[in-house]
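*Asks:* Need coordinates for the following:
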Amino acid sequence: METGFYWVGSQHAAPQIWYYLLGYGVYRPMEPIPLSLERFSAAGFTFLSGKLILPS
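*Replies:* Numbers count the residues shown, from 1 in each chain. Prediction:
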């Protein structure tokens, strides 16, 4: 998985764009502390897309 922005979703929340930083984890919008991939999965979140890229 690469550092970047991804669509994330769960059964209990609407899809949002989150930031993944290699070596640190997944950052929720407006949250300064990342979730490890293990905690991310345990909380029921999943990646709904590949890495988002800007249109050229």
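*Asks:* any idea how far residue 18 lies from residue 11?
*Replies:* 16 Å (C-beta to C-beta, to the nearest Å). Backbone N, C-alpha and C define where each C-beta goes, glycine included.
*Asks:* Can you show me the strands along this structure?
*Replies:* 4-10, 13-21, 25-27, 46-47 (DSSP state E).
*Asks:* For the second one, which strands pair with it and how are they oriented?
*Replies:* Think strand 13-21. Strand pairing for strand 13-21, using DSSP bridges, gives strand 4-10 (antiparallel), strand 25-27 (antiparallel).
*Asks:* Would you tell me which of the strands of the chain gets closest to residue 53?
*Replies:* strand 4-10 (7.9 Å; C-beta to C-beta).
*Asks:* if I pick the residue nearest in space to the middle of the chain, what's in contact with it?
*Replies:* What sits nearest the mean C-alpha location of the chain, by C-alpha atoms, centre = their mean, is residue 18, with 3.9 Å. The contact partners of residue 18, by C-beta atoms under 8 Å, 6 or more residues apart in numbering, come to 5-8, 26-29.
*Asks:* Mind doing that once more with 7 Å?
*Replies:* Listed by C-beta atoms under 7 Å, 6 or more residues apart in numbering, the contact partners of residue 18 are 6, 8, 26-29.
*Asks:* among the strands of the chain, which is nearest residue 54?
*Replies:* strand 4-10 (9.8 Å).
*Asks:* Go ahead and name everything in contact with that closest one.
*Replies:* 15-20, 44-49, 51-52.
*Asks:* rewinding a little: of the contacts of residue 18, grab the buried ones for ChimeraX.
*Replies:* To isolate the buried members of the contacts of residue 18 in ChimeraX, using 16 or more other C-beta atoms under 10 Å:
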select :6,8,26,27,28
